[in-house]
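1. after the sequence you'll find the predicted model.
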Amino acid sequence: MVNPPEVDRLAGSRAAVAARRARAEVKRQVSEGERSASEVLSSAARDGAQPESTLRVSELIGSIPWLGPTRTAKIMQELRISPSKRLGGLGVHQYQRLHEFLVRRQAPRRGTEPEQSGSRLVVLAGPTAVGKGTVAGYIREHYPDVQLSVSATTRAPRPGEIDGVTYFFLTDDQFDRMVEAGQFLEWATVHNAYRYGTPRAPIEDALASGRNVLLEIDIQGARQVRQAFPEARLVFLLPPTWDELVRRLTGRGTEGAEEQARRLETAKVELAAQEEFDATVVNTEVPEAAREVVDLMTA
Ligand SMILES: Nc1ncnc2c1ncn2[C@@H]1O[C@H](COP(=O)(O)OP(=O)(O)OP(=O)(O)O)[C@@H](O)[C@H]1O
Ligand SMILES: Nc1nc2c(ncn2[C@@H]2O[C@H](COP(=O)(O)O)[C@@H](O)[C@H]2O)c(=O)[nH]1
């Protein structure tokens, strides 16, 4: 038989296990992009009885994709919040600082909005196989008002790719001539292999006629666009996890083992560049990721 204090102890430990599980579930939702960290914070503020309110701030920040323990510790310091603080125990100013940080991380940087509320240039970049092409394709199909740029490349077409639709497939000489004539808005050698570039004229024409334009390019290109068009909005697409990125790359089966290894090396460097971007979007489900990108374009 179990005596009353023992019953209390068992009930207490069952409640503690349930609370731990609920917190782990919240962390999973944030790390897999199902919920935003700012939404978790708001939920903790709305109702102190929610499991969210017992989550430590460091656990919440550490669950945001690609923020490791070192960056988390640095952010906690910058926010002036002690590592043991729970969401439900934040002071007003701490709450405000944390809220602003989380919103800033999801949303475009201040000052990057175009001066006129007309057309907008959005760059979608991210590591290899994160799904940039898939998300861009979904936008092309479901959001016909958005103009997608067609890049030029010196690589050979893959099966099913159409010249002038997927890419403009150029020889090295043709690409050189376009570079010399200043016909690219940006161009770069990607994955140490082939050259890719954004033809300038269609972009300028589309922006002049008030259309929103999306460029799906690599990070070197994104940096050049920022120089040429400081008002452009730079969006970094993230995979839910590194393992999922590897699965997508290998599952796609368009590169051999050597090329896959080279792309994954580049991907590590590229992931470190996400802080330069105005916004991040986690590509867990394509339709949601596409909607978030379009929202950033039209917000
Ligand atoms: N949300 C998703 N869930 C599962 N699979 C996805 C998702 N998004 C894309 N994929 C798959 O991942 C693979 C890589 O996608 P995609 O070719 O669009 O990547 P990419 O970022 O354009 O790559 P690269 O930069 O190498 O051209 C494809 O097989 C695609 O079908
Ligand atoms: N800087 C640019 N990068 C571009 C452009 N178009 C595509 N890309 C990037 O190249 C890689 C590889 O593409 P793949 O089709 O060979 O798999 C990918 O990361 C693209 O984002 C561009 O015009 N400029």
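-> Yep, it's here. Numbering: from 1, shown residues only. Ligands and ions are numbered 1, 2, ... in the order given.
2. and this structure, which residues reach ligand 2?
-> Counting by Cβ under 6 Å from any ligand atom, the chain comes close to ligand 2 at 128, 132, 151, 155, 186, 188, 190, 196-198, 216-218, 220-221. All C-beta spots, glycine's among them, are computed from the backbone N, C-alpha and C.
3. shouldn't residue 199 be in contact with residue 152?
-> Yes. With contact defined as Cβ atoms under 8 Å, residue 199 and residue 152 form a contacting pair (6.1 Å).
4. between those two, which contacts overlap?
-> 168, 178, 184 (Cβ atoms under 8 Å, 6 or more residues apart in numbering).
5. rebuild the residues you listed as TSV, extending it with pLDDT.
-> Shown next, in TSV, are the shared contacts of residue 199 and residue 152 (pLDDT from 0 to 100):
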residue	pLDDT
168	97
178	96
184	95
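6. can I get these in JSON lines including distance to ligand 1 and neighbour count?
-> Listed next are those as JSON lines, based on distance: Cβ to the nearest ligand atom, whole Å; neighbours: other Cβ atoms under 10 Å:
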{"residue": "168", "distance to ligand 1": "16", "neighbour count": "16"}
{"residue": "178", "distance to ligand 1": "21", "neighbour count": "19"}
{"residue": "184", "distance to ligand 1": "19", "neighbour count": "20"}
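7. dump the residues you listed into JSON lines; add distance to residue 268 as well.
-> Shown next, in JSON lines, are the shared contacts of residue 199 and residue 152 (distance: Cβ to Cβ, whole Å):
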{"residue": "168", "distance to residue 268": "30"}
{"residue": "178", "distance to residue 268": "31"}
{"residue": "184", "distance to residue 268": "27"}
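8. tell me which of those residues fall in helices.
-> Secondary structure defined by DSSP state H assigns residue 178 of the shared contacts of residue 199 and residue 152 to helices.
9. count the neighbours of residue 79 for me.
-> Neighbourhood size, residue 79 [other Cβ atoms under 10 Å]: 18.
10. unless I'm mixing things up, residue 80 is touching residue 96, no?
-> No. With contacts defined as Cβ under 8 Å, residue 80 does not count as touching residue 96, sitting 11.4 Å away.
11. contacting residues for the closest residue to ligand 2 within the chain?
-> Residue nearest to ligand 2 within the chain (Cβ to the nearest ligand atom): residue 221, separated by 2.5 Å. By Cβ under 8 Å, 6+ apart, the residues touching residue 221 are 123, 125, 186-188, 196-198, 215.
12. what ranges in this protein fall below the confidence cut-off?
-> 1-12, 66-67, 104-119 (pLDDT under 70).
13. what parts of it come near ligand 1?
-> 128-134, 248, 251-252, 283-286.
14. please redo it, this time with the cut-off set to 5 Å
-> Residues of the chain found near ligand 1 (Cβ under 5 Å from any ligand atom) are 128-134, 248, 252, 283, 286.
15. quick check: the farthest pair among those residues?
-> Maximum pairwise distance among the residues of the chain next to ligand 1 (Cβ to Cβ): 16.7 Å, between 128 and 286.
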